[in-house]
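J.: need a structure here:
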Amino acid sequence: MSLTIARCVSANARITANTRNTSRASVRARRNAANSSRGLSRARTQSPSVTRQHHQSSRGAVAANALPAMSAILSTHYALPALWAACAPAVALAYINPICSFSIGYGLSILFASAFVHQALVASGTFVTTMLALHVAGGAAYGARLAAFLFYRSVTWDEWRERAKNAPEANAKSFAKQTLVIALCSALYAMMSSPMMWHAQNVNAVNAAKYAGVIAVGLALEWVGLILEAVADQQKFNYKATEEGKTKWCSKGLYKFCRHPNYLGEIMFWVGLYVAGFPAMLTRPITLVPSSLGLLFIVKLMTSAAKRGDKKQLEKYGEDNAAYKAWVESTCSLVPGN
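T.: Take a look at the predicted model:
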């Protein structure tokens with residue numbers, strides 16, 4: 001009898017405990033449901049910010065995916081076409097005015113090419129030596145200075161605007177011809193700028209100790225040429241703005257010694273840019289081809305421009321003008337002896 005009573009008491013105790021546990025579980029379930037409801041409400045309230053964060057994350061993912069593509073430029077055979085594409089937007093100003101292909105677009109294309117090489121270096125994580133940094137910075141400084149100067153001259157110098165307006169290059173062309181000119185000029189400027197790309201691409205393959213002197217000479221020519229052209233351009237521009245300059249040739253400053261110091265500076269710049277990248281090009285000889293063609297073109301263009309300038313000045317000032325003839329005899333066209 002006592003055993004039966006004990007069993008009943010034990011059974012009642014288990015039932016009571018189970019009931020309590022069930023009640024506690026029910027309370028916890030209701031609390032969880034309430035918390036879930038409040039969380040859903042907060043999520044709905046915060047959905048705009050969450051959406052913005054999601055979009056920002058998406059944009060970040062796109063940028064992160066685009067970065068390796070840029071970093072791969074220096075390790076692929078598409079470096080030169082990519083440089084060509086970087087120059088094209090600047091030269092495309094020719095759609096507005098055809099003369100821009102050879103003036104403002106020319107300067108901007110060199111700036112864009114330098115910026116592209118810099119961005120490729122940053123994206124790839126390539127170690128940038130001091131000489132490589134000076135090489136690319138020289139290209140950027142040259143392009144930015146030239147574009148700014150040509151733009152300022154085009155809006156302030158009436159004589160230049162008139163000459164540009166009557167230049168053969170300024171004649172209206174069909175869209176197809178303009179596109180062809182833009183493509184060819186972009187390719188040419190890319191070839192001229194390519195030594196910077198080859199230097200960046202093969203910087204780790206260059207024997208720095210062996211070729212340090214060659215690169216240093218190239219950088220010296222590049223920066224001295226840049227400064228020489230900038231000073232010569234400004235001196236002539238300032239002189240032409242005076243009353244005397246409207247009727248007389250420029251024989252002030254650098255023009256006391258050289259009739260075309262601006263062209264000389266440009267030749268020095270491009271030769272220096274080429275020489276500074278020459279050791280890197282030797283590691284991949286095929287790269288010598290486009291860079292050499294670009295250099296030969298610009299040197300030929302500048303020497304021809306100097307000859308044309310001498311001829312025009314002789315026709316304008318030289319007839320029976322002893323002072324002009326004396327100036328010509330006491331100066332060189334580009335370098336002593338010519």
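
J.: all contacts plus neighbour counts: C-alpha atoms, from now on.
T.: Noted.

J.: name the nearest residue to Y211, ignoring sequence neighbours.
T.: P279 (6.5 Å; CA to CA, 6 or more residues apart in numbering).

J.: now do that neighbour: how many residues are near it, please.
T.: Each residue near P279 was counted by other CA atoms under 10 Å, and the total is 25.

J.: distance check, it against D233.
T.: Note on P279: its distance to D233, by CA to CA, to the nearest Å, is 31 Å.

J.: for the residue lying closest to Y317 once chain neighbours are set aside, grab phi and psi.
T.: Residue nearest to Y317 in three dimensions, not counting chain neighbours: Y324, with 6.6 Å by CA to CA, 6+ apart. Backbone torsions for Y324, taken as degrees, to the nearest 10, come to phi -70, psi -40.

J.: was I right to think Y324 contacts K316?
T.: No - under the criterion of CA atoms under 8 Å, Y324 lies out of contact with K316, with a separation of 10.2 Å.

J.: ok, the two, which is more surrounded?
T.: Neighbours were tallied for Y324 and for K316 using other CA under 10 Å; the higher tally belongs to Y324 (18 against 12).

J.: list the contacts of W157.
T.: For W157, the contact set (CA atoms under 8 Å, 6 or more residues apart in numbering) comprises A241.

J.: on the three-state scheme, F116 is what?
T.: When states are read from DSSP: H, G, I helix; E, B strand; the rest coil, the local structure at F116 comes out as helix.

J.: count of residues packed around the closest residue to it other than its chain neighbours?
T.: If the residues on either side of it in the chain are set aside, F116 comes closest to A86, at 6.7 Å by CA to CA, 6+ apart. The burial count assigned to A86 is 22, neighbours taken as other CA under 10 Å.

J.: list the buried residues in the helix or strand containing A86.
T.: Taking DSSP states H and E as the definition, one finds A86 inside helix 79-91. Along helix 79-91, these residues count as buried under the neighbour rule (16 or more other CA atoms under 10 Å): 79-80, 82-91.

J.: phi and psi next, for the residue nearest to Y211.
T.: Dihedral angles phi and psi of P279 (degrees, to the nearest 10) take the values phi -60, psi -40.

J.: with C258 instead?
T.: Main-chain torsions, C258, degrees, to the nearest 10: phi -140, psi 130.

J.: so it sits against G337, correct?
T.: No - in this structure, C258 is not within contact of G337 by CA under 8 Å, at 10.9 Å.

J.: looking at these two, which is more packed in?
T.: The neighbour count for C258 versus G337, taken as other CA under 10 Å, is higher for C258 (21 against 7).

J.: quick one, what contacts the residue nearest to F116?
T.: With contact taken as CA under 8 Å, 6+ apart, A86 is in contact with 109, 112-113, 116.

J.: what do you get for G272?
T.: G272 sits in contact with 217-223, 225, where contact means CA under 8 Å, 6+ apart.

J.: switch the cut-off to 10 Å
T.: Taking CA atoms under 10 Å, 6 or more residues apart in numbering as the criterion, G272 is in contact with 135, 138, 195, 214-226, 266, 278.

J.: just those residues: which are in helices?
T.: Secondary-structure check on these using DSSP state H: residues within helices are 135, 138, 195, 214-226, 266, 278.

J.: can you turn the buried part of the residues you listed into a PyMOL selection?
T.: A single PyMOL command suffices to select whichever of the ones in helices among the contacts of G272 are buried according to 16+ other CA under 10 Å:
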select buried, resi 135+138+195+214+215+216+218+219+220+221+222+223+224+225+226+266+278
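
J.: okay, now the unreliable bits of the protein?
T.: Residues of the chain meeting the criterion pLDDT under 70: 1-71, 159-173, 338.

J.: where exactly do the strands run in the protein?
T.: Assigned by DSSP state E, the chain shows no strands.

J.: looking at it, A208 is touching I215, isn't it?
T.: Yes - if you go by CA atoms under 10 Å, A208 and I215 touch, sitting 8.9 Å apart.

J.: any common contacting residues for those two?
T.: 131, 279-280.
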